[in-house]
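In: Give me the fold of what follows.
(one chain, ligands or ions: 1)
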Amino acid sequence: LWTPGNIIEDHIETIRAQVGDDEVLLGLSGGVDSSVVAALLHRAIGDQLTCVFVDNGLLRHHEGDQVMATFGEHMGVRVIRVDAEDRFLKALKGVDDPEKKRKIIGNMFIEVFDEEAGRLTNANWLAQGTIYPDVIESAGSKTGKAHLIKSHHNVGGLPDKMKLKLVEPLRDLFKDEVRKLGTELGLPFDMVYRHPFPGPGLGVRILGEVKKEYADTLRLADHIFIDELRKHDLYDKVSQAFAVFLPVRSVGVTGDGRRYDYVVALRAVETIDFMTARWAHLPYEFLDHVSRRIINEIPRISRVTYDISGKPPATIEWE
Ligand code: XMP
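Out: Residues are numbered from 1 along each chain as shown. A predicted model of the protein is given here:
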């Protein structure tokens with residue numbers, strides 16, 4: 001019988017049998033899959049689990065603090081937070097090609113994670129949040145950005161180099177099953193049902209070269225958009241929503257004169273499989289409200305646009 005409770009008990013037994021008294025390392029991203037693995041492993045093996053959370057400076061508003069609060073403080077999971085913002089931004093300096101940015105962010109993630117792992121000499125298992133669709137995807141010869149990121153975030157790469165054995169407890173589960181498991185394990189609803197967030201994070205939502213100033217501005221705009229979607233009960237009605245930073249300046253007027261500032265695009269889509277998507281027909285009043293807040297509250301933004309492109313031909317992300 002498939003109930004989340006049964007599945008958890010089964011998995012706990014399997015994990016214990018698999019790793020015994022060994023130590024296990026997990027890269028925690030704050031996404032649904034790695035979060036559920038963390039909660040499950042914590043339940044199964046407690047302190048034998050160490051999570052490494054890499055803050056690459058390309059996360060959403062307060063995301064790092066939230067991950068630490070949920071896992072570290074509330075659940076008592078051992079989480080090491082690595083503040084690597086400077087390293088990521090330095091590596092990205094002067095780079096504007098999207099695929100190059102993805103590679104740099106992915107490689108830097110491995111480098112930083114590897115260093116931390118090196119300190120935890122006892123770990124001989126690496127846990128990963130690989131789910132069934134990831135297994136299928138990386139089995140094919142699919143190229144492109146989704147494959148690229150999976151190749152460093154979920155499947156392959158790391159273990160060979162580090163000689164760690166893999167433990168992938170979600171390997172036979174679909175996303176909705178993973179979510180049910182997460183709920184049963186006591187993870188907060190907002191974490192279990194959050195929109196997907198790409199591995200390269202804001203790195204691919206800042207068009208062209210990534211700069212700290214841009215990331216800080218984008219974080220604020222994105223936060224306003226998401227916050228208002230939640231307040232208006234619209235967050236769960238769209239599949240993914242976010243803001244994109246356009247490093248072009250446009251003229252605006254405020255009470256005391258002329259502004260010449262950046263542009264933010266808002267993107268919200270409805271989709272089942274993320275292979276095709278329709279732009280979400282959010283109410284005009286809602287968009288008006290969000291636009292006003294962003295322009296009034298964020299110093300360097302003078303214009304907000306709403307993306308009305310479907311996929312295909314546009315992709316969901318702008319890069
Ligand atoms: P696109 O832009 O290809 O996005 O229509 C489809 C879904 O994939 C996510 N996405 C990524 N996820 N690394 C990831 O982990 C990436 O490099 C990446 N690029 C796109 C995107 O957020 C959407 O959910």
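
In: From here on, just use CA atoms for contacts and neighbour counts.
Out: OK.

In: what's the neighbour count on the residue of the stretch 101-250 of the chain found nearest the ligand?
Out: Of all residues in the stretch 101-250 of the chain, residue 198 sits closest to the ligand, with a separation of 3.5 Å (Cα to the nearest ligand atom). Neighbours of residue 198 under the rule other Cα atoms under 10 Å: 15.

In: ditto for the one 4 residues further on
Out: The criterion is other Cα under 10 Å. On that basis, residue 202 has 25 neighbouring residues.

In: what about the closest residue in space to it that isn't next to it in sequence, how many neighbours?
Out: Taking Cα to Cα, 6 or more residues apart in numbering, and ignoring the residues beside it in sequence, residue 202 has residue 58 as its nearest neighbour in space, at 4.8 Å. The criterion is other Cα under 10 Å. On that basis, residue 58 has 27 neighbouring residues.

In: Tell me if I am right that residue 58 is in a helix.
Out: No. Residue 58: not assigned to a helix; according to DSSP: H, G, I helix; E, B strand; the rest coil it is coil.

In: residues in contact with it?
Out: 85, 200, 201, 202, 203, 215 (Cα atoms under 8 Å, 6 or more residues apart in numbering).

In: Those residues also near the ligand: which ones?
Out: Residues of those in contact with the ligand (Cα under 6 Å from any ligand atom): residue 200.

In: Got a quick ChimeraX command for the buried subset of the contacts of residue 58?
Out: Entered in ChimeraX, the line below selects the buried ones among the contacts of residue 58, by 16 or more other Cα atoms under 10 Å:
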select :200,201,202,203,215
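
In: Let's see which of the contacts of residue 58 end up in helices.
Out: Within the contacts of residue 58, membership in helices is found for 85, 215, as judged by DSSP state H.

In: Dump the contacts of residue 58 to CSV, plus pLDDT.
Out: Formatted as CSV, the entries for the contacts of residue 58 read as follows, by pLDDT from 0 to 100:
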residue, pLDDT
85, 98
200, 97
201, 97
202, 98
203, 98
215, 98
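
In: ok, the contacts of residue 58 vs residue 132, which is closest?
Out: Using Cα to Cα, the shortest approach to residue 132 within those belongs to residue 200, at 21.5 Å.

In: Now do the phi/psi pair for that closest one.
Out: Recorded main-chain torsions at residue 200 are phi -70, psi 0, according to degrees, to the nearest 10.

In: OK, contacts around it?
Out: By Cα under 8 Å, 6+ apart, the contact set of residue 200 is 58, 101, 102, 105, 106.

In: go with 10 Å
Out: For residue 200, the residues meeting the contact criterion (Cα atoms under 10 Å, 6 or more residues apart in numbering) are 56, 58-59, 98, 101-106, 109, 149, 153.

In: Tell me the most packed of the residues you listed, by neighbour count.
Out: For the contacts of residue 200, the largest number of neighbours (other Cα under 10 Å) sits with residue 58, at 27 neighbours.
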